[in-house]
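Q: Test case, fold it:
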Amino acid sequence: MYYDYQAFVDHEQRDSHLRFGVFGSDDRLRLTNRASAAGGQFDQANAFWNVQMLHEARLAPALQERSVVSFGYFLQRFSVSTLHVETRAYPIIARSEFSAQLSDQLELRFGPDLLYAPFHSKFAVPQETGPNTPDSGSFLLRPPRIFSDGTAYVRPAFYAELKAEPVMYQRLLVERNRTWLPEIEKLLARPRPAFVVVGAAHLVGADGLIALLSAKGYRVEQR
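A: The predicted model follows:
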């Protein structure tokens, strides 16, 4: 048996967006063969559901906020007769990101990020037979020994990143290519062959050395 589902409700305002959502799936399989010596029972399940709230807003002309809060349930189970493994978790996630545009080419992103996930695990394995334990014949039909444990995973964090990709691209590639171009032309003007080695990123794009040399009238072949 398998099914999935999702439902979302959105509320839009001039400078904000609010969304509530529920989504999940359930995938289960059970096979039984009573004629089997092991009892023939196989059970497998993977299921989850999640309730989520998303809020996005422009707090100022150069400041945006995006927050996500979610609560969910996760199940994984696998068993063959008395051999059984099962894990259940209930993760809670809260994350906020603030984006501040410091300049046309510089953006600062920062915010808290919290994960709290209680989980419970259960294991059942067939017991070893002893002098006072009757042998049921099949290993998987022996009475199980059960192990069970639960704890919680907690990960509080705060992150910050500075996005300056256009500046780095301009300085590391474009400006270097334009600086190198006259030197490469001097090498090509000599009567003997020239060998020039550059990184692959300096060759591609409209600002790459291949395009710049072609614009100068050089015939460039790529192999």
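Q: now A47, what's its secondary structure?
A: When the structure is reduced to helix, strand and coil (DSSP: H, G, I helix; E, B strand; the rest coil), A47 reads as strand.
Q: One more: V174?
A: With three-state DSSP as the basis, the three-state label of V174 is helix.
Q: Quick check: pLDDT value at it.
A: At V174, the model reports a pLDDT of 86.
Q: cool, R14 as well?
A: Reading off the model, R14 has pLDDT 89.
Q: Okay, now the unreliable bits of this structure?
A: Low-confidence segments of the chain, defined by pLDDT under 70: 33-40, 129-141, 164-169, 223.
Q: how is it carved up into domains?
A: For the chain, the domain assignment from automatic domain parsing gives the residue ranges 2-163, 167-215.
Q: For these, could you give me CSV that also reports distance to E221?
A: Every C-beta, even on glycine, is put in place using the N, C-alpha and C of the backbone. What follows is the domains of the chain, written out as CSV (distance: least, C-beta to C-beta, whole Å):
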stretch, distance to E221
domain 2-163, 35
domain 167-215, 10
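Q: Nearest to Q222, out of those?
A: Minimum separation from Q222 across the domains of the chain (C-beta to C-beta) falls at domain 167-215, 7.1 Å.
Q: coming back round to it: could I get the domains of the chain as JSON lines with mean neighbour count?
A: As requested, the domains of the chain are exported to JSON lines (neighbours: other C-beta atoms under 10 Å):
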{"stretch": "domain 2-163", "mean neighbour count": "14"}
{"stretch": "domain 167-215", "mean neighbour count": "13"}
